[in-house]
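J.: need coordinates for the below:
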Amino acid sequence: MKNLLFKVISTGSKGNSYILEAENRTLLIEAGVKFKTLFPLLPIDKYPRYILISHKHGDHYKYISDYTYRGIKEIYGQTLIDGFEVKPFRLVHDIDCYGYYIRSDNHYLAYITDTFDVNIYFKQLNTLIIEASYDDDMIDNQYFNNQINLYLYRRIKENHLSTKKGLYYIKQQQNICPLDNIIFVHLSESRNAADKLIKMSSRITSANIYVAKPNEIIKLNII
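T.: Numbers count the residues shown, from 1 in each chain. Next comes the predicted model:
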């Protein structure tokens, strides 16, 4: 059995950064933190050659020059076949935004974040990495209690995936291919609750459920 590791460096509006580590290669996802922040979790013998970028907002892209300066090539809406096989697909955001379908040996992953909706499904999928930015009830209560203004309320709802939409997508995807792992990323600290999200998710899936936390290492085994 081979180990495939998903390492969470940072997640959320303060900065997003992840490492996907296979037996003999490493792939970076997002440039929302400085290179030195993730360096301690990089394997010495598997220096990354590529970094996937979903879109060019600061919490995903701010430090891209920190990576390209070190010879790591930016992949933004492009196909990659070099150890990992990566195919982009369009998402719905206020600027160009891409999700990625990734194959590592015989393990298939989808990375989906910062989108109003998802309209693509996969015949083969083991691990789903998906945004759960906000809980519908929590954000509605904040708006009606004047805790957030109308502009921010609309911007979040029109550009990010809610728990409700995320769970609907998971149910539909599982009708095509049962999932082994679900990793929720990009949760708002004030507009979603991890314990509630896990409880709701466990009602619709038997997959392993994770809510990404900084410095967490998630093992995704390949048989």
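J.: please name every helix or strand in contact with the helix or strand of the chain with the lowest mean pLDDT.
T.: Least confident helix or strand, the chain: strand 216-222 with a mean of 86, by mean pLDDT, DSSP states H and E. Strand 216-222 is packed against strand 2-10, strand 107-112, strand 181-185, with contacts defined by 3 or more CB pairs under 8 Å, 6 or more residues apart in numbering; DSSP states H and E. C-beta here means a position set from N, CA and C on the backbone, and glycine is covered the same way.
J.: convert the helix or strand just after the shortest one to CSV, retaining C-alpha atoms only.
T.: Toward the C-terminus, strand 181-185 is succeeded by helix 194-202 as the next helix or strand (DSSP states H and E). Taking C-alpha atoms only, helix 194-202 is exported to CSV below (Å, rounded to 0.1, in the frame of the first residue of the first chain):
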residue,chain,number,x,y,z
ALA,A,194,-16.9,22.3,11.9
ASP,A,195,-18.8,20.1,14.3
LYS,A,196,-22.1,20.9,12.6
LEU,A,197,-20.6,20.3,9.2
ILE,A,198,-19.3,16.9,10.2
LYS,A,199,-22.6,15.9,11.7
MET,A,200,-24.6,16.9,8.6
SER,A,201,-22.1,15.2,6.3
SER,A,202,-22.1,11.9,8.2
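J.: need the contact partners of helix 194-202.
T.: 132, 135, 163, 167, 170, 182, 184, 187, 209, 211 (CB atoms under 8 Å, 6 or more residues apart in numbering).
J.: can you give me the end-to-end span of stretch 53-71?
T.: Start to finish, the residues bounding stretch 53-71 are 15 Å apart (CA to CA, to the nearest Å).
J.: quick one: mean pLDDT over it.
T.: When pLDDT is averaged over stretch 53-71, the result is 97.
J.: buried residues, that stretch. List them.
T.: 53-55, 57, 59-64, 67 (16 or more other CB atoms under 10 Å).
J.: do stretch 171-190 as well
T.: Within stretch 171-190, the residues that qualify as buried are 173-174, 179-188, counting by 16+ other CB under 10 Å.
J.: tell me the contacts of G12?
T.: Counting by CB under 8 Å, 6+ apart, G12 has contacts 59, 186-189.
J.: swap that for T37, sorry
T.: 9-10, 17.
J.: the same query, at a cut-off of 10 Å, please.
T.: 9-10, 15, 17, 63, 66, 214 (CB atoms under 10 Å, 6 or more residues apart in numbering).
J.: next, format these as JSON lines and append secondary structure.
T.: Formatted as JSON lines, these follow (DSSP: H, G, I helix; E, B strand; the rest coil):
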{"residue": "I9", "secondary structure": "strand"}
{"residue": "S10", "secondary structure": "strand"}
{"residue": "G15", "secondary structure": "coil"}
{"residue": "S17", "secondary structure": "strand"}
{"residue": "Y63", "secondary structure": "coil"}
{"residue": "D66", "secondary structure": "helix"}
{"residue": "P214", "secondary structure": "coil"}
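J.: just the buried residues of those.
T.: 9-10, 15, 17, 63.
J.: show me where the chain has its strands.
T.: 2-10, 17-21, 26-29, 50-52, 73-75, 80-82, 84-90, 98-104, 107-112, 127-131, 181-185, 208-211, 216-222 (DSSP state E).
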